[in-house]
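**Q** my questions are about this predicted structure, shown below with the sequence.
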Amino acid sequence: GCGMSGAIAALAALKKGLSVCIVEQRKRHLIGKKCCGELMPQETLFWLEKEFNMTIPFFPLQHLQLCTLEEHAQCPYSLAGIIINQPLCTIDRYTVQQNMVAGLLKRGAFLHQGTVVAPVGTTRIEGVKTKESHTLKGKVVIDCSGTSSVLSSHVAFAGLLPPRAVGIAYKETLTLREPIESKVASIIMDLNVGFSQYMWCFPKSPHHLNAGIGGLTTSRSDLLRKFKTVLHAHPFEISSRKDRGFGTLPLSGPVPCAVGPGLLLCGDAAGHVNPLTGEGIDPAIRAGYCAGTVAARAIRKDDLSVKALWPYNCEIARKPGIVHMSFLLLREFLRSLRPEHIQFLLSTLLSGDTLEQLETNTLSGMQKFYIALRGLKKPDLLFRLFFFSKTMEKLRLLYDRYPAHVDGFPDWLMTFQSIVHTYEHARLFPFN
């Protein structure tokens, strides 16, 4: 796959002196045409430009807003809900990926159009077979083919890993009749959007917005209906709509093990997507770079075993892994609440700083006391928030102790499944 993770994995491998072949099912001129919010941290974009000597046009944003539909209608006139102050930006994904493809070919990569249907090899992955009857061999295969990956069942411990949830997303690019000065990327969580869905609204310029909806649903018509409902409450007048399309996205968090003999899973194929917001560009870039680097190291040592590739698992688990699992818990926590509890949570108990501190377990005793004091009006919600916080702390500690060697993984996985099972069991008793 030559999506964002595949392109970066290829660039990283080429930089390490490897010979790289990219198998992509789309024609070259269609690479980059994907349902995507096109949002990423400015820090990652600047790193990308420096690391691979590329120029990426972007539109700067200052805040991420997690809000209700009513609060979003007030934007850009005021900020409401949970505000996370982080330098973000939107890009034109199609243009960026087309430039990446040109850069890959210039650096000596081979681009082969085809659809992978099976692996090559018995004891380890030694290449792939395509629907077009081609066999392509390589030392390491990095699978960046998305949620429809046919190689994911070949990772180590595949039979022990939990099932994966796949959602649907829909997006459009909206052209506005009047320019806006908003520097806010909005994630909308509201009854009109649905408890298992979210909507996004990311400015791409003063005249353009990337707007979409996604989440845990199997109904495209239901998603479209909710998207139109939210657009009717939109504070801006729309003159035209383009780049419409559906896509799939993994929403179970990162797979606990993304390594097999001669195989690395990356991007959507490995669940490297924020389960709350669906944002996947930044984790795809980070995972792709890590995959290309680890593959180069293994090939240099002529050791393509699971043990040799295991550092990839460790790197992902200890960085984006815990962040994404925290947001997965938050999503499930929000889905268990009544609408008025969600409103109270967003407007009274949580802020962007509080959310970040919950995620990193850095809330002080006084901050916890202050949250408890404000939450006394709704003790049932306060209890659930406490349980959510304790579960997040357990997972954070578990991911911090992700096994450095493959031998320790079965025990780690057993503990992980126990924590998740306890949390899921508690959610069997939602508010009446």
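**A** Arrived safely. Computed from a prediction, not measured in an experiment: that's the story for all the values here. Numbers count the residues shown, from 1 in each chain.
**Q** report the buried residues of stretch 18-32.
**A** 18, 20, 22-25, 31-32 (16 or more other C-beta atoms under 10 Å). C-betas here are computed from N, CA, C, even on glycine.
**Q** looking at the residues you listed, which one is closest to K131?
**A** Q25 (8.4 Å; C-beta to C-beta).
**Q** got the phi/psi numbers for T218?
**A** When read as degrees, to the nearest 10, the backbone of T218 gives phi -110, psi 0.
**Q** wait, it touches I168, no?
**A** Yes: in this structure T218 lies within contact range of I168 using C-beta atoms under 8 Å: 7.0 Å.
**Q** wait, what's in contact with the closest residue in space to T422 that isn't next to it in sequence?
**A** Spatial nearest neighbour of T422, chain neighbours left out: T391 (7.4 Å); criterion: C-beta to C-beta, 6 or more residues apart in numbering. Going by C-beta atoms under 8 Å, 6 or more residues apart in numbering, T391 touches 329, 419, 422-423.
**Q** can you pick out the most distant pair from those residues?
**A** So, the contacts of T391 by C-beta to C-beta: farthest apart are L329 and T422, at 11.7 Å.
**Q** partner strands of the host helix or strand of T173 and their direction?
**A** Following DSSP states H and E, one finds T173 within strand 166-176. Sheet partners assigned to strand 166-176 using DSSP bridges are listed as strand 208-215 (antiparallel), strand 238-250 (antiparallel).
**Q** hmm, back to that, closest one of the buried residues of stretch 18-32 to T130?
**A** Nearest to T130, judged by C-beta to C-beta, of the buried residues of stretch 18-32 is V23 at 6.7 Å.
**Q** who's in contact with whatever helix or strand the closest one lives in?
**A** Here V23 sits within strand 21-24, counting by DSSP H and E. If you take C-beta under 8 Å, 6+ apart as the criterion, strand 21-24 is touched by 1-2, 6-7, 10, 31, 104, 109-114, 116, 128, 130, 136, 138.
**Q** can you tell me which of these are classed as buried?
**A** 1-2, 6-7, 10, 31, 104, 109, 111, 113-114, 116, 128, 130, 136, 138.
**Q** any low-confidence regions in the stretch 151-300 of the chain?
**A** Residues of the stretch 151-300 of the chain meeting the criterion pLDDT under 70: 190-196.
**Q** try it again at 80.
**A** Across the stretch 151-300 of the chain, the ranges flagged by pLDDT under 80 are 189-197, 216-218, 232-235, 276-278.
**Q** output stretch 32-51 as CSV, nothing but the C-alphas.
**A** Taking Å, rounded to 0.1, in the frame of the first residue of the first chain, the C-alpha atoms of stretch 32-51 are listed here in CSV:
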residue,chain,number,x,y,z
GLY,A,32,-3.9,9.9,-2.1
LYS,A,33,-7.6,10.0,-3.0
LYS,A,34,-8.9,8.9,0.4
CYS,A,35,-11.6,9.8,2.9
CYS,A,36,-9.5,11.7,5.3
GLY,A,37,-9.7,14.6,7.7
GLU,A,38,-6.3,15.8,6.6
LEU,A,39,-5.4,17.0,10.1
MET,A,40,-2.0,16.6,11.6
PRO,A,41,0.3,18.2,14.2
GLN,A,42,2.6,20.9,12.8
GLU,A,43,5.5,19.3,14.7
THR,A,44,5.1,16.1,12.6
LEU,A,45,4.9,18.1,9.4
PHE,A,46,8.1,20.1,10.1
TRP,A,47,9.9,16.9,11.0
LEU,A,48,8.7,15.3,7.8
GLU,A,49,10.0,18.2,5.7
LYS,A,50,13.4,18.1,7.4
GLU,A,51,13.8,14.4,7.4
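**Q** so who does the spatially most central residue of the chain touch?
**A** Centroid-nearest residue in the chain: V273, 1.5 Å away (criterion: C-alpha atoms, centre = their mean). By C-beta under 8 Å, 6+ apart, the contact list for V273 reads 249-251, 279-280, 283, 324.
**Q** most neighbours of all those residues, which one?
**A** The most crowded member of the contacts of V273 is P283, carrying 28 neighbours; neighbours defined as other C-beta atoms under 10 Å.
**Q** for A317, see how far away the spatially closest residue to A270 that is not a sequence neighbour is.
**A** Nearest non-adjacent residue to A270, counting by C-beta to C-beta, 6+ apart: A258, 4.2 Å away. Note on A258: its distance to A317, by C-beta to C-beta, to the nearest Å, is 9 Å.
**Q** then L413?
**A** 11 Å.
**Q** now do the shared contacts for the two.
**A** P256.
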